[in-house]
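Asks: okay, sequence plus prediction incoming.
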Amino acid sequence: MTASPATATPRRVRAILARLEKRWGPMAPPRRVDPLDELVLTVLSQHTSDLNAERAFASLRGSFASWEDVVAAPAPVVADAIRSGGLADTKAPRIQAILRAVHEREGGFDLSRLRDVADDEARAYLTSLPGVGPKTAAVVLSFALGRDAIPVDTHVHRVSKRLGLIPANASAEKADRLLHELVPDGLRTPLHVALIRLGREICKAPTPLCRLCPLNDLCPTAPRYR
């Protein structure tokens, strides 16, 4: 197992978040919605932009009167409704499988029960659903259930490596575990939001704009780009 970098310390995490909040203000999660809606929206957001995912979700809800109708429809019809989100032919049956599993377990299309269970139990439940991985589960935990989670999307994964918070060869799944253990309680969701903004605006792929970054003196990879 690859050891965490020497730069991966809670103190450094606090310093990083403080600098980013000084630049951009408080890092609040972007939304608070129903957990099942958030789960479906997060599936739609995979490999596409937030805007396309939101359009696909609005189209899905506008095309069907209920989640029951989504489950009952032929998969190609559901795929047509979410076409704007990309990979529709893959996402449609995945969404239907998730909805079926929720209905079988809960007796309805409702995940509000997860608000009353422990974080580990809620995470285990979500990742046991068809096609739901750690990142998707963490988004639902953080954005819909108000839990202290740090979803590892493309931006968080890339920026965390550059900042030396996780090993350079860490997979997204390993990064999820390492960051959850590293980041102090109460800071996981704000750090997620902050690293996404940093990744979108400054720490871009393939070349970061280090001259604009408030973290360039804390970042172990900045010298190679300056």
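Replies: Sure thing, it's come through. The structure displayed is predicted, hence computed values, not measured ones.
Asks: distance-wise, check Gly85 relative to Pro151.
Replies: Noted for Gly85: a distance of 18 Å to Pro151, by C-beta to C-beta, to the nearest Å. Where C-beta positions appear, they are placed from N, C-alpha and C, glycine not excepted.
Asks: show residues contacting the least confident helix or strand in the chain by mean pLDDT.
Replies: Every helix and strand of the chain was ranked by mean pLDDT, DSSP states H and E. The lowest is helix 222-225, at a mean of 90. Helix 222-225 has contacts (C-beta atoms under 8 Å, 6 or more residues apart in numbering) with 207-208, 210, 213, 215-216.
Asks: so, low pLDDT: which residues of this structure?
Replies: Along the chain, segments meeting pLDDT under 70 span 1-3, 31.
Asks: quick one: the strands in it?
Replies: Here the chain has no strands by DSSP state E.
Asks: right, and Ser4 touches Leu179 too?
Replies: No: if you go by C-beta atoms under 8 Å, Ser4 and Leu179 don't touch, sitting 10.1 Å apart.
Asks: weed out the non-buried ones from the contacts of helix 222-225.
Replies: Buried members of these, counted by 16 or more other C-beta atoms under 10 Å: 208, 210, 213, 215-216.
Asks: of all the residues you listed, which two lie farthest apart?
Replies: Spatially, the most separated pair among these is Pro208 and Leu215, at 10.1 Å (C-beta to C-beta).
Asks: how many other residues sit next to Pro220?
Replies: Pro220: 12 surrounding residues under other C-beta atoms under 10 Å.
Asks: should've said Gly199
Replies: Counted with other C-beta under 10 Å, residues neighbouring Gly199 total 21.
Asks: what's near enough to touch it?
Replies: 154-156, 158-159.
Asks: closest one of those to Pro167?
Replies: Distance to Pro167, by C-beta to C-beta, is smallest for Arg158 among the contacts of Gly199, at 13.3 Å.
Asks: now that closest one: how far from Ser171?
Replies: Arg158 sits at a distance of 13 Å from Ser171 (criterion: C-beta to C-beta).
Asks: please say which of the two ends up with more neighbours.
Replies: Higher neighbour count among Arg158 and Ser171: Arg158, with 18 against 12, using other C-beta under 10 Å.
Asks: which ones are touching the nearest residue to Trp67 once chain neighbours are set aside?
Replies: Distances taken as C-beta to C-beta, 6 or more residues apart in numbering put Phe109 closest to Trp67, at 3.9 Å, once the chain neighbours are dropped. Counting by C-beta under 8 Å, 6+ apart, Phe109 touches 36, 66-68, 99, 102-103.
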